[in-house]
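Q: predicted model and sequence below, questions to follow.
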Amino acid sequence: MGGYSSLLHKGPEYFRFSGNTAIIAAGPREVQRIVDYFKRWLPQTNAVYADRIRADASRAEKEERERRRKEIANAELRASVNKSILI
């Protein structure tokens with residue numbers, strides 16, 4: 001994700017997720033600081049995730065358009081060749 005800082009050596013890469021629950025090992029005195037840190041980090045994470053989803057969708061759409069373009073070009077070539085054959 002980049003652009004984040006680690007707190008108590010418990011950066012985003014150490015969180016596990018189960019449904020809508022974030023899980024990380026923490027001592028009793030670390031919990032509130034980690035929660036506060038997570039709350040600051042979460043909006044950036046959501047923005048990065050949304051950007052990735054949009055980029056993936058855009059890439060998939062471009063790939064599908066290119067696949068269809070090639071399919072149409074092949075069909076047109078086939079039709080042209082078939083039309084030029086004299087039997």
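A: Yes, it's here. Numbering: from 1, shown residues only.
Q: which residues in the protein form helices?
A: Under the criterion DSSP state H, the chain contains helices at 31-84.
Q: relative to residue 58, how far out is the residue nearest the centre of it?
A: Closest residue to the average C-alpha location of the chain: residue 52 at 3.6 Å, with CA atoms, centre = their mean. Here residue 52 is placed at a distance of 11 Å from residue 58 (CB to CB, to the nearest Å). Quick note: C-beta positions are derived from backbone N, CA and C, even for glycine.
Q: now swap in residue 42 and tell me
A: Relative to residue 58, and taking CB to CB, residue 42 is found at 25 Å.
Q: can you check residue 49 too?
A: Remark: distance between residue 49 and residue 58 (CB to CB) = 15 Å.
Q: do the same with residue 81
A: On the measure of CB to CB, residue 81 and residue 58 end up 35 Å apart.
Q: in this protein, which ranges drop under the pLDDT threshold?
A: Per-residue confidence for the chain (pLDDT under 70) gives these ranges: 1-9.
Q: 90 - rerun?
A: By pLDDT under 90, the weakly predicted segments of the chain are 1-17, 20, 22, 25-26, 30, 33-46, 48-49, 86-87.
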